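Show me how the following folds:
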Amino acid sequence: MLEKVKSFIQNEILSTLKGDIIGGISVAFVALPLALSFGVLSGAGAAAGVYGAICTGILASMFGGTKAQISGPTGAMTVVLVSMAEKYGLEGLVASMIVAGIFEIIMGLLKLGKYIRLIPKPVMVGFTNGIGMLIFINQFKYFEMSPLLCSIAIVMMLILPLINKKIPYAIITVIVGTVISALWIPMPQEYVVGQIPLVLPTLQIPNFLSMNMVDICQAGLTLALLGAIESLLSALVVDDMTGTKHDSDREILGQGIANTVAACFGFLIGTGAIARSVVNVNAGGRGRMSGIIHALVLILLIAVFGDLAAEIPLAVLGGVLMGTALRMIEYKESYRLARASKEAFVVIAITTVLTVTVDLTFAVAIGTMISALAMLFSVANGYLEEYPIPCSRLQKRIKSFSIQGQMFFLVSESIISSLEVKCKGADIVVINLSHAQVVDITGVITLGKIKDSLAQQGVRTIFTGLPEPAYKKMLALGILDGSEEAINRGDKLEAVEYAQALAHGDELCACQIIHEHIEMENAHRIAEITEEGFLKDEGVTN
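Below is the predicted model of the structure:
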């Protein structure tokens, strides 16, 4: 046991401690103004934002599945929290956040991580663009408090990263804006952050019995899905930067634990934050201690500079968020994807508009559905290829076709229409499916329709080259009776020979072809069994 503890301390703490200290300190200076801003934006107050960053930063680092990830309140999550605070009030907001944390824990325990992150790139780009626009729009009430201060903050947030991305431009912006306000543009008390109490948190469990739990659960599920998606995307970014691989299920579970605890104390819940995680990794952070150290430094900053933080103008924080929002919008990626694909442009545009005008989860769902449909239409390339058969000496006319590509619901009707036209004048039709890459249940049913339609015209249909799954489905649906299995699952040449024998009116020859095929299959199988037995006896292995 002692050895395990020593190994844990060495591998999980000491081995990365130096980089984690530098990374944690660096992130804290980035996280503080954002936490204050998100707290104010949500309506829960600056203290809720800061303590939310502290709580989720510690617990998500301890229990999450991405070592170097930094968690805390984010723009996307806060935008949703704003609407929920307006709809349900602060007590309803706390209840929704608690439920969200519980949902995340359940998703982690059910190992749903691998499914949640399967969201197309254009959808995520559109989603991010929409979030950026929403954050920007929501700051106009702070812009109106002091247009000049807010504009200065926006300009600094846009220009400083261009000079040097490593400098803590958010906190520099806050300091400069606060100094300008103190010297030249004094703000009324109600237009500043106000005192951030440094006290032990107390439980704030809402009265769930007095609430509409259907609405609360729906809101909580929205927050949980959003949190899981954003955290896993951030985890992927960290993986790319560090060459590691995160545990998706553990990550969601850890975020759920962190958010449940934070919400129970009335703090803002959070997600894995891409920007803060990138700062941490770039500064040298590689382990779980970086997130914990960042939270401890936040406590120190509030303890030492809490009185100064109380004087920060809300207009400056609004400018910080507006600048952050403008930088969130993925201009280059949107343009790049739009140039590469019209479908991607449509998905980005629709997801962006729906995110701004309707709902975040609805936008992601619709965007994903449109992407899936676009992908299906792009691969819907099933078509017919006809192989002419000489018939001058035959009593009946034969036509042979091969279905190429996919035989599924998007192309089935076009294939059946094409067959009905091309089969006119035939007495026997051979349909080869050995080149069909996909045959879904709709494709199988369509083949049955083809057979019935041709039978009504007095045309006999012979299927060949059927994949095993398709053959079993056709048997189950009564399309085939199994009497021609050798032909149905054989190759095209055998099927054509069989059809030619039928066209000659030689049923005996047709039966002989089937019999020969069965004998050949049995001979092959006997040979395989014999060879396997010989190799086993000789002690030959792979």
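
For the lengthiest helix in the chain, name the packing helices and strands.
Using DSSP state H to define each element, the chain has its longest helix at helix 75-109. Under the contact criterion of 3 or more Cβ pairs under 8 Å, 6 or more residues apart in numbering; DSSP states H and E, helix 75-109 touches helix 17-42, helix 121-138, helix 213-242, helix 248-264, helix 314-328, helix 360-379. Every residue, glycine included, has its C-beta placed from N, CA and C.

Any idea which of those gets closest to Leu200?
helix 248-264 (13.9 Å; Cβ to Cβ).

What strands line up against the helix or strand just after that closest one, and which way round?
Next helix or strand after helix 248-264 toward the C-terminus (DSSP states H and E): strand 271-272. Applying DSSP bridges to the sheet, strand 271-272 is found paired with strand 71-72 (antiparallel).

Show which residues not belonging to the strand it pairs with make contact with it.
Applying Cβ atoms under 8 Å, 6 or more residues apart in numbering, the external contacts of strand 71-72 come out as 31, 34-35, 52-53, 56-57, 60-61, 64, 231, 255, 258, 270-273, 276, 291.

same check, this time on stretch 80-98
Stretch 80-98 has contacts (Cβ under 8 Å, 6+ apart) with 41-44, 138, 204-208, 211, 215-216, 219-220, 222-223, 226, 259-260, 262-264, 266, 268-269, 360.

for stretch 144-157, same thing?
139, 142-143, 169-170, 172-174, 176-177, 180-181, 185, 187, 191, 313-320, 322-324, 326-327.

Filter the residues you listed down to the buried ones and hand me the PyMOL line.
Buried members of these, defined by 16 or more other Cβ atoms under 10 Å, are picked up in PyMOL with:
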select buried, resi 139+142+143+169+170+173+174+177+180+181+187+191+313+314+315+316+317+318+319+320+322+323+324+326
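
close enough to count as contact, Ile329 and Gly126?
No - here Ile329 does not reach Gly126: they are 10.5 Å apart, not a contact under Cβ atoms under 8 Å.

Settle it for me: which of these two has more neighbours?
A count of neighbours by other Cβ atoms under 10 Å puts Gly126 above the other of Ile329 and Gly126, at 29 against 19.

Wait, Gly194 touches Ile312, no?
No - look at Gly194 against Ile312 with Cβ under 8 Å: they stay out of range, at 9.3 Å.

out of those two, which sits in the busier spot?
Applying other Cβ under 10 Å to Gly194 and Ile312 shows that Ile312 carries more neighbours, namely 25 against 17.

Could you measure from the more buried one over to Ile403?
Distance, Ile312 to Ile403, by Cβ to Cβ, to the nearest Å: 69 Å.

Leu197 belongs to a helix, doesn't it?
To be clear, residue 197 is Pro; Leu isn't right here. No - in this structure, Pro197 is coil, not part of a helix, as judged by DSSP: H, G, I helix; E, B strand; the rest coil.

still on that earlier bit, could you list the buried residues of the longest helix of the chain?
Those buried within helix 75-109 under the rule 16+ other Cβ under 10 Å are 75-85, 88, 90-105, 107-108.

Toward the C-terminus, what is the element adjacent to that helix?
helix 113-116.
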